[in-house]
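Sequence and computational prediction follow.
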Amino acid sequence: MPVDSTEFQERIGKLRETLHLYRAQSWLVTALPNVRYLSGFTGSNGILLVSADRAILFTDPRYQTQASLECDCDVKVAKGPILAEAAKWVRRLRLKSVAFEQNRIGYEDYVRLKETVEAVRLKPVSGAIEHLRMIKSPAEIATIQASVQLNSAALEQALKHFKPTMTEVDLAAEIDYRMRRLGADSSAFDTIVASGPRSALPHARPTDHPIRQDELLLIDMGANVAGYASDMTRTFAVGKLDAKKKRMHRAVLESQLAAVHAVRPGVTCASVDASARRVLRGFGMDKLFIHSTGHGLGLEIHERPRIGRKEALKLETGMVITIEPGVYQENLGGVRIEDTVVVTSSGCQVLTPTGKELVVV
């Protein structure tokens, strides 16, 4: 479901409502995901200036036609650096104060901006637009769901071509190929394929390590569809697993189901995280769980909120998050199970259709 121009106008309107919080007359948005969220621009070089009555996108000549087609706001094409062009318009509009994304701008660009706008007060702000992005619109949720469905279909197709002795790199390449054939813009991140003891590395890079019989196989993958990410992890058995590895999978599955069950509006992110850890503690595996239980996703693969131990933020209807507990034991292997989940008014909906029970491949 495409996002229409009305929704972009509403998003810019919400951003304008934050100006008084920072005692600023305008926003200078430099992070490309945030530029896209507010304007619809999908190019690789863009800055958005938002004042009380203007919204101007700055880009370079490569995107002149594209920007005019994608954006409902004013478009200015700069022959030189777009930051300098944006600064020129700050002066031209006689803006006295500008909020900027302190967590999204490089130091060199900040210095250049400060020198160029001179007397204009720069107001450093962190995470304001990311906060707006936490609640997804129906159109965004529909796009994420399409990404999730494609991601699962790519895994299903790739596993049909799997055979033991295939290398991790071979399987990762097959997964990425299937994603693109099904229509993904790209993978949302570097596909993780880790087998045997290497599955105990939470973010293992695929290698030419052969995938052997009687081992664990962990696959973490995501597709990017119309700019929106999906994220899924499944752990498989290659041949027969011993009782210890089977118990690891059962512990993580029960932990993941408990955390999903805990998701609903009004509960804290820390509470969901605690639900996962409580189950693992019952299996004596809580100390093998070394990362947070999940994260938001959307235009970026990692967004707010973070589903972690100390996160007091409360979930709200429309948030899209992952639930992904895992346990990792050195020299043995690791298990992680991850779904993409949307918070609903009565609880949550698991978008990921792929089964979670232990499957032999």
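Perfect, I can see it now.

now the closest residue to S68 other than its chain neighbours: how far from F41?
Among residues not flanking S68 along the chain, V75 sits closest, at 5.5 Å (Cβ to Cβ, 6 or more residues apart in numbering). C-beta coordinates here come from the backbone N, C-alpha and C atoms, glycine included. As judged by Cβ to Cβ, to the nearest Å, V75 and F41 stand 9 Å apart.

out of the two, which sits in the more crowded spot?
The neighbour comparison of V75 against F41 (other Cβ atoms under 10 Å) goes to F41, with 26 against 21.

three-state assignment of that one?
coil (DSSP: H, G, I helix; E, B strand; the rest coil).

A52 touches L19, doesn't it?
Yes: if you go by Cβ atoms under 8 Å, A52 and L19 touch, sitting 7.1 Å apart.

list residues touching both of those two?
Q25, S26 (Cβ atoms under 8 Å, 6 or more residues apart in numbering).

With neighbour numbers in mind, choose between these two.
It is L19, of A52 and L19, that has more neighbours when counted by other Cβ under 10 Å, with 18 against 10.

Surely the more buried one is in contact with S26?
Yes: between L19 and S26 there is a contact at 7.3 Å, judged by Cβ under 8 Å.

what touches both of the two?
Joint contacts of L19 and S26 (Cβ under 8 Å, 6+ apart) are A52, A99.

Mind checking what helix or strand follows the helix or strand that A86 is a member of in sequence?
Assigned by DSSP states H and E, A86 falls within helix 82-92. Using DSSP H and E, the helix or strand that follows helix 82-92 in sequence is strand 97-101.

Show me which residues of that following strand are buried.
V98, A99, F100, E101 (16 or more other Cβ atoms under 10 Å).

what's it packed up against?
strand 26-29, helix 107-117, strand 121-125, helix 128-133 (3 or more Cβ pairs under 8 Å, 6 or more residues apart in numbering; DSSP states H and E).

starting at the chain centroid, how far to the shortest one?
Distance of strand 26-29 from the chain centroid (Cα atoms, centre = their mean, to the nearest Å) equals 23 Å.

who does it touch, helix- and strand-wise?
By 3+ Cβ pairs under 8 Å, 6+ apart, strand 26-29 packs against strand 47-51, helix 82-92, strand 97-101.

Identify each buried residue in the second one, please.
Of the residues in helix 82-92, those buried by neighbour count under the rule 16+ other Cβ under 10 Å are I82, L83, E85, A86, A87, K88, W89, V90.

returning to what we had before: may I ask which two of the buried residues of strand 97-101 are separated the most?
Greatest spacing in the buried residues of strand 97-101, by Cβ to Cβ: V98 and E101 (10.9 Å).

Next, show the common contact partners of the two.
L28.

who touches both of V75 and F41?
With Cβ under 8 Å, 6+ apart as the test, V75 and F41 both reach L57, T59, A67.

residues contacting the second one?
Spelled out, that is T59. Contacts of T59 (Cβ under 8 Å, 6+ apart): F41, G43, N45, G46, I47, A67, V75, K76, V77, A78, I82.

Break down the stretch 201-350 of the chain into its helices, ranges please.
For the stretch 201-350 of the chain, the helices defined by DSSP state H, counting those that start in this stretch occupy 243-262, 269-282.

can you list the helices and strands packed on strand 26-29 in CSV and add distance to A153 and mean pLDDT?
Listed next are those as CSV, based on distance: least, Cβ to Cβ, whole Å; pLDDT from 0 to 100:
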stretch, distance to A153, mean pLDDT
strand 47-51, 35, 98
helix 82-92, 38, 96
strand 97-101, 36, 97
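
got a markdown table for those, with distance to L182 too?
Listed next are the helices and strands packed on strand 26-29 as a markdown table, based on distance: least, Cβ to Cβ, whole Å:
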| stretch | distance to L182 |
| --- | --- |
| strand 47-51 | 32 |
| helix 82-92 | 35 |
| strand 97-101 | 34 |
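
These: which one's closest to N331?
Among the helices and strands packed on strand 26-29, strand 97-101 sits nearest to N331 (Cβ to Cβ), with 43.4 Å.

and the residue most central in space within the chain, how far is that from T18?
Residue closest to the average C-alpha location in the chain (Cα atoms, centre = their mean): I301, at 1.8 Å. Noted for I301: a distance of 25 Å to T18, by Cβ to Cβ.
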